[in-house]
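[1] I'll drop the sequence and a predicted model, then ask my questions.
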Amino acid sequence: MSILLWLVIGALVGAVAGMIMGESMGLFGNIVIGVVGAFIGGLMFSHGDINNSPLTIGSFSVSLVGAIVLLGLVNLFRRGSLR
């Protein structure tokens, strides 16, 4: 059941990050951006430890920041600008 929750929250985080960055990635892309962004955010804010905390506003924010950073890096390498 937790994998299904990861996919749903990942899709939500990816969609919100896409709206902020002006990207349209589709459902699968949003899931990938959200899950990988959550991993990146966890690494950035917990000093290398991956946090398995429950869904809170703080953990959602960390995931969102990680997804925005990931989309920024994708834009940087794809287009040569952060946009």
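    Perfect, thanks for sending it.

[2] wait, G72 touches E23, no?
    No - counting by Cβ atoms under 8 Å, G72 does not reach E23; the two are 10.0 Å apart. To be clear about C-beta, it is placed using only N, CA and C from the backbone, and glycine gets the same treatment.

[3] run through the helices of the chain in chain order.
    With helices called from DSSP state H, the chain shows them at 2-21, 26-45, 57-79.

[4] and among these, the most buried is which?
    By mean neighbour count, with neighbours taken as mean count of other Cβ atoms under 10 Å, helix 26-45 ranks first of those at a mean of 19.

[5] quick one: mean pLDDT over stretch 55-74.
    Averaged over stretch 55-74, pLDDT sits at 89.

[6] show residues contacting that stretch.
    Stretch 55-74 has contacts (Cβ atoms under 8 Å, 6 or more residues apart in numbering) with 5, 9, 13-14, 16-18, 20-21, 23, 33-34, 36-45, 51, 53, 82.

[7] check contacts around V16.
    Neighbouring residues of V16 by Cβ under 8 Å, 6+ apart: L64, A67.

[8] distance of it relative to T56?
    Remark: distance between V16 and T56 (Cβ to Cβ, to the nearest Å) = 16 Å.

[9] check I9 too.
    12 Å.

[10] how close does V13 get to G58?
    V13 is 13 Å from G58, by Cβ to Cβ.

[11] whoops, I mixed them up, L12
    16 Å.

[12] identify the contacts common to V13 and G58.
    Counting by Cβ under 8 Å, 6+ apart, nothing touches both V13 and G58.

[13] name all residues that make contact with G14.
    With contact taken as Cβ under 8 Å, 6+ apart, G14 is in contact with M25, G29, N30, I31, V32, I33, G34, V35, G37, A67.

[14] thank you, goodbye.
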